[in-house]
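Visitor: Below are the sequence and a predicted model for it; my questions follow.
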Amino acid sequence: MIKPDAVESGYIGPILAKISSAGFKIVAMKFTQLSRRDAREFYAIHKGRPFFDELIQFMTRGPIVSAILEKDNAVEDFRALIGATNPQEAAEGTIRKLYAKDIGENAVHGSDSDENAGIEGAFHFSGREIYT
Ligand code: ATP
Ligand code: MG
C-alpha cells in the first residue's frame, strides 16, 4: 500500500517508479479508501498497541493505493526497498527515507511474510482483479 500521507503529498508516481526500477512486477493495483472496519481488520495484529487508534485514524483519512507485486524473494526485497518503519532509521535511498514523515506516517506498507502477502492480497483484491 501507498499510505494516505504519501498519496496526499503527490508521491504515488515517484514511489511506483522506484518499485518498478527495483524489478517488481505489478499484478494488481487500485486507488481506494479504507473504511474504519477495513483498517481495523487489516492491522488487527496491532490491536491493543498504544498507537492503534492513531494508526486507524491515519490509514482511513484519505485514499491509498494498494497493489500486489511479484518478484523472486519479493517480501524481503520489498522491505529492503521501503526501509525501516521509522524513516529516521531508514537507509539512504529507501522509499521511507525519501518520502515518509515519521514512524506513524511512513508512506508505504509491505507484507512481512509470504503467508501474510497472500492474506493481504486477498483482502484488497478479488480473483478477477489479479493478473495471472
Ligand atoms: P507496515 O506493516 O505498515 O508495513 P512495518 O511492518 O514497518 O509497517 P509495523 O510494526 O507492522 O511496521 O507497524 C505497522 C504500522 O503502524 C507502521 O507502519 C506505522 O504506520 C504504525 N506504527 C508502528 N509503530 C508506531 C509507533 N510507535 N507510533 C505510531 N505509529 C506506529
Ligand atoms: Mg508490519
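Guide: Received it, and whenever you're ready, just let me know what you need. Ligands and ions are numbered 1, 2, ... in the order given.

Visitor: where does residue 71 land on pLDDT?
Guide: pLDDT for residue 71: 98.

Visitor: what comes into contact with the helix or strand containing residue 5?
Guide: Per DSSP states H and E: residue 5 is located in helix 4-8. Defining contact as C-beta atoms under 8 Å, 6 or more residues apart in numbering, one finds that helix 4-8 is touched by 12, 15, 58-65, 99-101, 105-108. In short, each C-beta sits where N, CA and C put it, glycine included.

Visitor: now that helix: how far from the chain's centre is it?
Guide: Distance of helix 4-8 from its chain centroid, counting by C-alpha atoms, centre = their mean, to the nearest Å, is 11 Å.

Visitor: So which elements touch the very next helix or strand once past that helix?
Guide: Of the helices and strands lying after helix 4-8 in sequence (DSSP H and E), the nearest is helix 12-21. Under the contact criterion of 3 or more C-beta pairs under 8 Å, 6 or more residues apart in numbering; DSSP states H and E, helix 12-21 touches strand 25-32, strand 64-70, helix 74-82, helix 95-99.

Visitor: Now helix 12-21: buried residues?
Guide: Under the neighbour-count criterion of 16 or more other C-beta atoms under 10 Å, helix 12-21 has 15-16, 18-19 buried.

Visitor: mean confidence for that helix?
Guide: pLDDT averaged over helix 12-21 gives 98.

Visitor: Could you look up the SS state of the closest residue to residue 78 other than its chain neighbours?
Guide: Distances taken as C-beta to C-beta, 6 or more residues apart in numbering place residue 110 nearest to residue 78, at 4.6 Å, with adjacent residues excluded. Under DSSP: H, G, I helix; E, B strand; the rest coil, residue 110 falls in the coil class.

Visitor: which ones are touching residue 110?
Guide: Listed by C-beta under 8 Å, 6+ apart, the contact set of residue 110 reads 75, 78-79, 81-82.

Visitor: Near the residue lying closest to residue 2 once chain neighbours are set aside, how many residues? Count them for me, please.
Guide: Closest residue to residue 2 apart from its sequence neighbours, by C-beta to C-beta, 6+ apart: residue 65 at 4.1 Å. When neighbours are counted by other C-beta atoms under 10 Å, residue 65 registers 17.
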